[in-house]
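Participant: I would like the atomic coordinates for the input below:
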Amino acid sequence: MSDQVTCHIDGQLARVALNRPDKLNALTLGMLSDLTEAAHELRSHREVRAVILSGNGESFCAGLDFASALSNRTDLAKAFVPRPWRGTNTFQEACFGWRRLSVPVIAAVHGNCLGGGLQIALGADFRITTPAARWSVLEGKWGLIPDMAGIRLLADQVGMDQAKLLTMTARVVDGSEAVALGLATQVADDPAQAAEELAEELLARSPDALAAAKRLFERSWTAGARATFGRERREQLHLLRAPNTARARRAAFQGERAEYRERARR
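Facilitator: Sure, this is the predicted structure:
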């Protein structure tokens, strides 16, 4: 990865940061590739149990840097081509790749969360925002639509009428309204600290249970009842046999914090 996206693993916690603060973390094609690489690389680190996604400087992400992206039409065209084995192109995988991780991802949002930045944030499982952060499906301002997995990600978070309204108007909302709409999870004056606290809370739970819960929600949220019930049974049977579940049970009975091993390879 370039220095415009950083990824550091500190024990069981990974921190990924957009690092183009002089441009409010506006996205280049290279940054999109780096985000995809980071998400895929972290899948192989089974010791990691949570990820915090943030932006350095005064902004989470101001969206796509059009001048940079349009400067190389060949690379831009390549970035639009989907990978058959995933069904996403570079733009989409930079956002949706975080949904493929078997660990919870927390986005800490401040300043601008616009266009592609909003779609990256929606790829996380939880979004903690400052009250004054600026959220917008900004593509409509430029005569475009959200195409970085944004329609699917919006559908997971807000009703269709609100998703249409945000997309068609390019309206800017603050962090408090983003929470009310369902775009964000919670408001905090210091989202980075709040993200650390949530990560610490998640690290106290079985990594196998966290992975199973994420898989179940991601694969069953729009599925029918019968398919969901089947997935619930399969995940629970796996957990009942998992050593980390026994560790969680013993710790709960003893009133102690469990010492978990790496999550199962699934």
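
Participant: neighbours of T228, how many?
Facilitator: 16 (other CB atoms under 10 Å). For every residue, glycine as well, the C-beta is placed using N, CA and C.

Participant: so what's it closest to, chain neighbours aside?
Facilitator: S220 (4.2 Å; CB to CB, 6 or more residues apart in numbering).

Participant: ok, H8 next?
Facilitator: Closest to H8 by CB to CB, 6+ apart is R15, at 5.1 Å.

Participant: partners of the host helix or strand of the one you found in the sheet?
Facilitator: Using DSSP states H and E, R15 sits within strand 13-18. Sheet pairing of strand 13-18 (DSSP bridges) gives strand 5-10 (antiparallel), strand 50-55 (parallel).

Participant: which residues are in contact with that strand?
Facilitator: Here strand 13-18 makes contact (CB atoms under 8 Å, 6 or more residues apart in numbering) with 4-9, 25, 27, 31, 35, 38, 42, 45, 48-56, 60-61, 199, 203.

Participant: thinking again about what came up before, if I follow the layout properly, the residue nearest to T228 ends up in contact with R226?
Facilitator: No. Contact between S220 and R226 fails when scored by CB atoms under 8 Å: they sit 10.7 Å apart.

Participant: which residues sit against stretch 158-166?
Facilitator: With CB under 8 Å, 6+ apart, stretch 158-166 has contacts from 136-137, 151, 154-155, 171, 173, 181-183.

Participant: now the buried members of these.
Facilitator: 136-137, 154, 173, 181, 183 (16 or more other CB atoms under 10 Å).

Participant: which of these fall within strands?
Facilitator: Here DSSP state E is the test, and those give 136, 173 as lying in strands.

Participant: export the buried ones among the contacts of stretch 158-166 to JSON lines and append columns for pLDDT and distance to D161.
Facilitator: Formatted as JSON lines, the buried ones among the contacts of stretch 158-166 follow (pLDDT from 0 to 100; distance: CB to CB, whole Å):
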{"residue": "S136", "pLDDT": "98", "distance to D161": "17"}
{"residue": "V137", "pLDDT": "98", "distance to D161": "14"}
{"residue": "L154", "pLDDT": "97", "distance to D161": "11"}
{"residue": "V173", "pLDDT": "98", "distance to D161": "15"}
{"residue": "L181", "pLDDT": "97", "distance to D161": "11"}
{"residue": "L183", "pLDDT": "98", "distance to D161": "14"}
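
Participant: biggest separation within the buried ones among the contacts of stretch 158-166, which pair?
Facilitator: Maximum pairwise distance in the buried ones among the contacts of stretch 158-166, criterion CB to CB, is 13.2 Å, between L154 and V173.

Participant: before we move on, back to that, could you dump the strands paired with strand 13-18 to TSV with mean neighbour count, mean pLDDT and distance to Q92?
Facilitator: Formatted as TSV, the strands paired with strand 13-18 follow (neighbours: other CB atoms under 10 Å; pLDDT from 0 to 100; distance: least, CB to CB, whole Å):
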stretch	mean neighbour count	mean pLDDT	distance to Q92
strand 5-10	15	97	17
strand 50-55	26	98	16
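
Participant: could you dump the ones you listed into TSV with distance to K164 added?
Facilitator: TSV is the format used below for the strands paired with strand 13-18 (distance: least, CB to CB, whole Å):
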stretch	distance to K164
strand 5-10	32
strand 50-55	27
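
Participant: wait, which of the ones you listed is closest to K78?
Facilitator: strand 5-10 (18.7 Å).

Participant: where does the prediction get shaky in the protein?
Facilitator: Counting by pLDDT under 70, the chain shows low-confidence ranges at 1.

Participant: 50 instead, please
Facilitator: The chain contains no residues with pLDDT under 50.

Participant: point to the residue nearest the middle of it.
Facilitator: For the chain, the residue sitting closest to the mean C-alpha position, by CA atoms, centre = their mean, is A124 at 1.7 Å.
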